[in-house]
Structure formats: C-alpha cells, structure tokens
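# I'll drop the sequence and a predicted model, then ask my questions.
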Amino acid sequence: MKLLQWACIAILVITGQGRLFAQADSIEVFIIESFVSPENPGVLQLTFNTSIPCKSKVLIADKYLIAVSDTITDTHKKDIDITKYRFDSTNSTFKAILTDSAGKTNESDIFEINLPVADQGQPVESKNASWTSCFVGGITYLIPNITLNLASENGKLNDFWGFSKEFPLLCHFQGGYNFPKSFISAEYSYVVKFEHKNYMRLGYKFLYETNFGEYVVIGLNGFTNFKGSNGVSPEISWGIIPVRDVFTLYIRYRYNTDFRTPRTEFSEISVGLYSWFFSAHL
C-alpha cells in the first residue's frame, strides 16, 4: 500500500507542476503527426488540431515561417518541403502561430522534430537517429502497468501486486480530436501470488475529454483466466497528463467478478502509460 501512496503523491506533484502539453494562451493545440518518413525524406508531414477554429502558420527553427491554414478551421494539415531550407542539425524545433476569428494571435509551445537533412538542405543518411527514436518509443510503449489487486478472503482484505499491458486494437475518431471517442482493446494481466495468475481481457470503452486532466474513460471488459473463471470487469480511468504528445499517464479502477458460484471478485487499481498510436483507426 505504501508504494501506491507514493505513486499517488508523485502524480499529484507532477499535475501541480503543469501540463506537459502544447498549449497556446487561449487556443489549445493537439498534435496528430509531425514527422519525416523514410519513404519521403524531403517532406515534413504536419497535422494538428486546435480547440477553436483559427488560421495557422508554423515557425520552424526560429527562422522559417510557413503558412499552414489560410482559412479559419480547427484541423490543420500541410506537407512541407524541407529541402528548401537550411538546418544546422537533424534535430530542430517548430511552433504554431495561430490567429482566431477576432484577429488575436497566439503562439503555441515549442515542439521538437527530427529532420534528416544536411545544412545544404539535401537529404542525408540519418537512419540511426530514426531507429533510436523508434526503439525508445517502442520500449516505452511496451512498459507494463503496475497493478494493485484487492481481494477478500475469509473476511480479510488482501492485496496482490501485478502487471498488465493493454493494447488498443481499433479506435473510432470523430471531429478532429486528439483522442478517440471509443475503442476496442485487449489486455493481458499477471497477478503475483494469485491462485490463477494469468488473465486476458477484451473490452469496449468510451472516452470523454475533460478540462481537469486529459480525459475520462468508462468501459466494460470480458475476461478469462483460462482455467474456468470467466466474467466481466467494468472500469473507469483518468488520463492525467500527456507525455511527449504520444503517451498519457493515467490511473484506473476496475472491478472484476466472474460467473461461478461462489463468485470470485476483486478490485484492481493500476497506474501506467497509454497510447493509441499503434492502433487501427476508423
């Protein structure tokens, strides 16, 4: 229990220090994609959404101002030919310059981008940096969640620690938001010292974006332990803060009950990182 208490304290401290997300003074920016693909190394593919409709430009490397959306919109997309510009290294930055319908201009926070181009503006072999970024991102994606499972036995509440990893399979996006409206996910859990340690879940979940934190997810899972215990597990989770525009730190509560007589019932509290980056989109 002490470990969970310290985790909650750390979450509150991080939340109090501010959101690690790109945000303008009054217009919020949601990055969808900003990358240079190996298949087309001379083009920066940039897509982002804004909390209100506006016009947009981007300032790359503090010296190249490029128009993205000349009309008022909340969805901004542009393929930028970066071979026209000079960069000192393959690591650069950009920020969005936003103008709302009233003519007020706001600037977003600064984003980092990898640009595989040389100082002369020509593509160069920069595969190591790309592979390193993919490797680090993949390792982060595979980090399991820490779970605390609470079960009652003989009138006594016992706690069991474990690990789980959830993989979103199919997501439904609507209206140009940074998060899906709903999604289907599969999850594997391992609970240390449980009689049956392995659980597999398949769930359908709805996401609601919030002003406090990032979002709230409400969902229902079906589960099995492969040894006769099959049941359902309703859950609710809170996405607290974004991390590097791809992952979200979240905390979740889930109640598990099976269909056997007598029933096996236990609660689960988990903390971890979540991302829909590798899921299929509708």
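Great, that's in hand.
# Pull the helix or strand hosting Leu44 out as PDB, backbone CA atoms only.
For Leu44, the element it lies in under DSSP states H and E is strand 43-60. Provided in PDB are the C-alpha atoms of strand 43-60 (Å, rounded to 0.1, in the frame of the first residue of the first chain):
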ATOM      1  CA  VAL A  43       8.800  16.300 -46.700                       C
ATOM      2  CA  LEU A  44       7.700  17.200 -43.200                       C
ATOM      3  CA  GLN A  45       4.200  15.800 -42.700                       C
ATOM      4  CA  LEU A  46       2.400  18.000 -40.200                       C
ATOM      5  CA  THR A  47      -1.100  17.700 -38.800                       C
ATOM      6  CA  PHE A  48      -2.600  19.300 -35.700                       C
ATOM      7  CA  ASN A  49      -6.000  20.300 -34.400                       C
ATOM      8  CA  THR A  50      -6.900  23.400 -32.400                       C
ATOM      9  CA  SER A  51      -9.500  23.900 -29.700                       C
ATOM     10  CA  ILE A  52     -11.200  26.600 -31.700                       C
ATOM     11  CA  PRO A  53     -11.200  27.400 -35.400                       C
ATOM     12  CA  CYS A  54      -8.400  29.700 -36.500                       C
ATOM     13  CA  LYS A  55      -5.800  30.400 -39.200                       C
ATOM     14  CA  SER A  56      -2.300  28.900 -38.700                       C
ATOM     15  CA  LYS A  57       1.300  29.200 -39.600                       C
ATOM     16  CA  VAL A  58       4.400  27.400 -38.200                       C
ATOM     17  CA  LEU A  59       7.800  28.800 -37.400                       C
ATOM     18  CA  ILE A  60      10.500  26.200 -38.000                       C
END
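# Name every strand pairing with the helix or strand just after that strand and say which way it goes.
Once strand 43-60 ends, the next helix or strand along the chain (criterion: DSSP H and E) is strand 64-81. Using DSSP bridges, the strands paired with strand 64-81 are strand 43-60 (antiparallel).
# residues in contact with the nearest residue to Ile236 once chain neighbours are set aside?
Distances taken as CB to CB, 6 or more residues apart in numbering put Ile218 closest to Ile236, at 5.4 Å, once the chain neighbours are dropped. Every residue, glycine included, has its C-beta placed from N, CA and C. Contact partners of Ile218, counting by CB atoms under 8 Å, 6 or more residues apart in numbering, are 205-206, 208, 234-236.
# neighbouring strands for the helix or strand harbouring Leu98, and are they parallel or not?
Leu98 belongs to strand 91-99 when assigned by DSSP H and E. Neighbouring strands of strand 91-99 in its sheet, by DSSP bridges, are strand 43-60 (antiparallel), strand 105-107 (antiparallel), strand 111-114 (antiparallel).
# Deepest-packed of these, please.
Mean neighbour count (mean count of other CB atoms under 10 Å) peaks for strand 43-60 among those, with a mean of 20.
# tell me the mean pLDDT for that strand?
Averaging pLDDT along strand 43-60 gives 90.
# Pretty sure Ser56 sits against Ile66.
No - assessed by CB atoms under 8 Å, Ser56 is found out of contact with Ile66, at 9.8 Å.
# Adding distance to Ile251, write the strands paired with strand 91-99 out as TSV.
Conversion of these to TSV gives the following (distance: least, CB to CB, whole Å):
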stretch	distance to Ile251
strand 43-60	25
strand 105-107	31
strand 111-114	27
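# Go through those strands and name the closest to Thr140.
Within the strands paired with strand 91-99, the stretch nearest Thr140 is strand 111-114; the backing value is 15.5 Å (CB to CB).
# Pull out the buried positions in the one helix or strand Val29 maps to.
In this assignment (DSSP H and E), Val29 forms part of strand 29-35. Judged by neighbour count using 16 or more other CB atoms under 10 Å, the buried positions of strand 29-35 are 29-32, 34.
# re the thing from before, for the strands paired with strand 91-99, which one sits closest to Ser182?
Using CB to CB, the strands paired with strand 91-99 put strand 43-60 closest to Ser182, at 18.0 Å.
# from the chain's centre, how far out does that closest one sit?
What separates the centre of strand 43-60 from the centre of its chain is 19 Å, taken as CA atoms, centre = their mean, to the nearest Å.
# now the end-to-end length of stretch 56-69.
Start-to-end span of stretch 56-69 (CA to CA, to the nearest Å) is 5 Å.
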